[in-house]
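Q: Give me coordinates for this.
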Amino acid sequence: MMRSMQAGCPKKQLARTFGLGAFYWALAMAAGAGAALHAPPLQAQTRPGYTAIEYARLDNPGATTIIRGMNSTNEVAGGFQRDRRRASSALIFMPNHAVEDVAGEQGAGNSVAYGINDQGEVAGALNTSVALRPFRAVRRVGVQELALPPGTNGGIAYAINELGEAAGYASGTAGVRAVWWTRRGEAQLLQNIGSLTTRALDLNDRGDIVGVSGDQVKTAVAWPRKGGVISLGTLPGFVHSEAVSISENGTMAGVAIGTGEFPNRSRAVLWQPGGTAMRDLGALDGGIDSRARDVNNRGEVVGTATSAEGDRAFVWTAATGMLDLNSLVTVPGLVMTDALSINRRGDIVVMGHDGHTGEPEESHEHVDHHVARRIFVLRPLR
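A: Residues are numbered from 1 along each chain as shown. Here you go, the predicted structure:
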């Protein structure tokens with residue numbers, strides 16, 4: 001059995017890491033005898049390539065799986081129901097199929113790890129006899145339940161920065177309120193818009209926080225330096241929006257959501273620091289929907305988008321636009337459907353399943369409930 005972080009977190013080796021082939025671009029061509037080599041087109045020069053390392057194969061179809069955050073040392077936070085007869089466990093995934101059980105016995109009634117910083121400190125939630133409670137876990141120290149504001153009895157911590165501060169929400173008779181927690185675990189309420197529900201979803205090291213406000217109509221919001229709340233709006237013709245990630249320089253990523261029937265019309269969006277210049281990131285060829293999951297300090301955005309072949313994981317940059325990650329690295333038999341996190345070095349966590357990249361398929365939401373999920377980290381060719 002896996003041991004908890006409190007017990008020193010030994011790694012359990014489950015399988016071997018696969019070093020997989022890279023995809024190379026920018027081949028020079030000789031233009032006549034004795035001619036100099038010519039540079040390839042700009043698109044080829046800027047188009048990235050990756051190697052892929054398998055982290056996990058989750059062979060419990062239909063079980064709860066959450067993969068959300070990755071730090072700069074490529075540790076991945078998440079949660080997985082390894083046995084249908086048991087609760088899901090908060091886990092840290094690592095190369096060679098190694099895992100750490102984050103919450104141990106304290107998380108025996110369901111636990112999930114949502115955020116992880118470079119020290120390996122984790123933010124998440126675990127079930128107690130009272131309610132779902134936010135926690136922070138620290139290696140060699142253990143799990144700390146985070147304090148809750150008056151009028152609340154539960155909540156979730158979604159993100160943690162390098163200072164050990166966390167952000168999420170607390171709920172109870174006082175409603176659902178966005179919260180940030182100090183290093184010592186003290187709860188601090190964030191300003192809300194009227195009496196509307198608010199949830200904080202991410203924060204950076206300088207204390208900028210992003211999230212969502214509202215229930216019937218959801219609006220992306222930000223709290224610069226943990227201060228007053230700012231509405232970020234949505235795209236013309238759309239109704240809802242959510243801000244799910246913020247980089248260290250204040251760039252924010254999320255989604256604008258329309259009112260179309262399933263698949264619900266959605267577009268990945270990017271806000272510049274301060275909430276200005278909202279940008280529609282588009283979709284892949286043959287698709288209309290996209291959702292951003294994360295953005296790093298270089299302005300690289302990852303997420304999931306529909307395409308002619310089905311749902312696909314994407315990476316977006318200002319230079320390349322939106323690219324299907326399946327076209328940038330080949331993992332035999334794997335279809336990458338969602339890119340969930342990107343760190344400051346450009347490493348990307350992707351989720352996928354066994355399949356054929358050249359054939360149309362059912363939506364990602366359906367496929368994930370019927371086949372084993374596979375987790376990879378993609379490392380840029382440097």
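Q: Which residues are in contact with residue 207?
A: Residues counted as contacts of residue 207 (CB atoms under 8 Å, 6 or more residues apart in numbering) are 161, 165, 180, 225, 226. In this view, the C-beta of every residue, glycine as well, is placed from N, C-alpha and C.
Q: how close does the closest residue to the fourth one other than its chain neighbours sit to residue 223?
A: Spatially, and ignoring its direct neighbours in sequence, residue 225 is nearest to residue 207 (4.9 Å; CB to CB, 6 or more residues apart in numbering). Going from residue 207 to residue 223 by CB to CB, to the nearest Å gives 8 Å.
Q: Check what pLDDT the residue nearest to residue 225 gets.
A: Here the pLDDT value assigned to residue 207 is 97.
Q: That one and residue 227, how far apart?
A: From residue 207 to residue 227 the distance is 9 Å (CB to CB).
Q: ok, now residue 72?
A: For residue 72, the distance to residue 227 - CB to CB - is 27 Å.
Q: again, but for residue 165
A: With CB to CB as the criterion, residue 165 and residue 227 are 14 Å apart.
Q: measure stretch 302-321 end to end?
A: Start-to-end span of stretch 302-321 (CA to CA, to the nearest Å) is 11 Å.
Q: tell me which residues in it are buried?
A: 302-307, 309-317, 320 (16 or more other CB atoms under 10 Å).
Q: Ok, stretch 212-225 next?
A: In stretch 212-225, counting by 16+ other CB under 10 Å, buried: 212, 213, 214, 218, 219, 220, 221, 222, 223, 224.
Q: The third one reaches residue 197, doesn't it?
A: Just to be clear, that refers to residue 214. Yes: if you go by CB atoms under 8 Å, residue 214 and residue 197 touch, sitting 6.3 Å apart.
Q: Going along the chain, name the strands of the stretch 151-300 of the chain.
A: 154-160, 166-172, 175-181, 187-189, 198-203, 209-213, 219-223, 230-233, 240-246, 252-257, 266-272, 276-280, 290-295 (DSSP state E, counting those that start in this stretch).
Q: Dump the ones you listed into CSV; add distance to residue 349 as well.
A: Output for these, formatted as CSV (distance: least, CB to CB, whole Å):
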stretch, distance to residue 349
strand 154-160, 15
strand 166-172, 20
strand 175-181, 24
strand 187-189, 29
strand 198-203, 15
strand 209-213, 19
strand 219-223, 23
strand 230-233, 25
strand 240-246, 13
strand 252-257, 15
strand 266-272, 17
strand 276-280, 23
strand 290-295, 9
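Q: Considering the ones you listed, which stretch scores lowest in mean pLDDT?
A: Among the strands of the stretch 151-300 of the chain, strand 276-280 scores lowest, at a mean of 90.
Q: Quick one: list the elements packing against that one.
A: Under the contact definition 3 or more CB pairs under 8 Å, 6 or more residues apart in numbering; DSSP states H and E, strand 276-280 sits against strand 266-272.
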